[in-house]
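**Q** sequence and computational prediction follow.
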Amino acid sequence: MFQHALVPLGIQVPMGVALAVLCAGRRLHRALWVNHRYRFTTWRWGGAVLALLLMGAVLTLAMPT
């Protein structure tokens, strides 16, 4: 969303993306390796999301430019 802003935002966009990736990495680590009770749910939904992302990537590559 920030990359499509009408005004230049400078360093704030890459810093925001880096912060979001860092937070997502911490949450993923906690869900998969620390919180053993929710490991099944994380893998179940993570597999579904991964399958959708993979299908989107295949469709993107299959589209002629």
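**A** Arrived safely.
**Q** got the phi/psi numbers for residue 7?
**A** Note on residue 7: backbone dihedrals following degrees, to the nearest 10 are phi -110, psi 150.
**Q** what's around it, how many residues?
**A** A count of nearby residues for residue 7, using other CB atoms under 10 Å, gives 5. Where you see a C-beta, it was placed from the backbone N, CA and C, and this is true even at glycine.
**Q** again, but for residue 42
**A** With other CB under 10 Å as criterion, residue 42 counts 15.
**Q** next, it: secondary structure please.
**A** When classified by DSSP: H, G, I helix; E, B strand; the rest coil, residue 42 comes out as helix.
**Q** hang on, isn't it packed against residue 33?
**A** No: look at residue 42 against residue 33 with CB atoms under 8 Å: they stay out of range, at 10.1 Å.
**Q** lowest-confidence helix or strand of the chain?
**A** Every helix and strand of the chain was ranked by mean pLDDT, DSSP states H and E. The lowest is helix 39-62, at a mean of 87.
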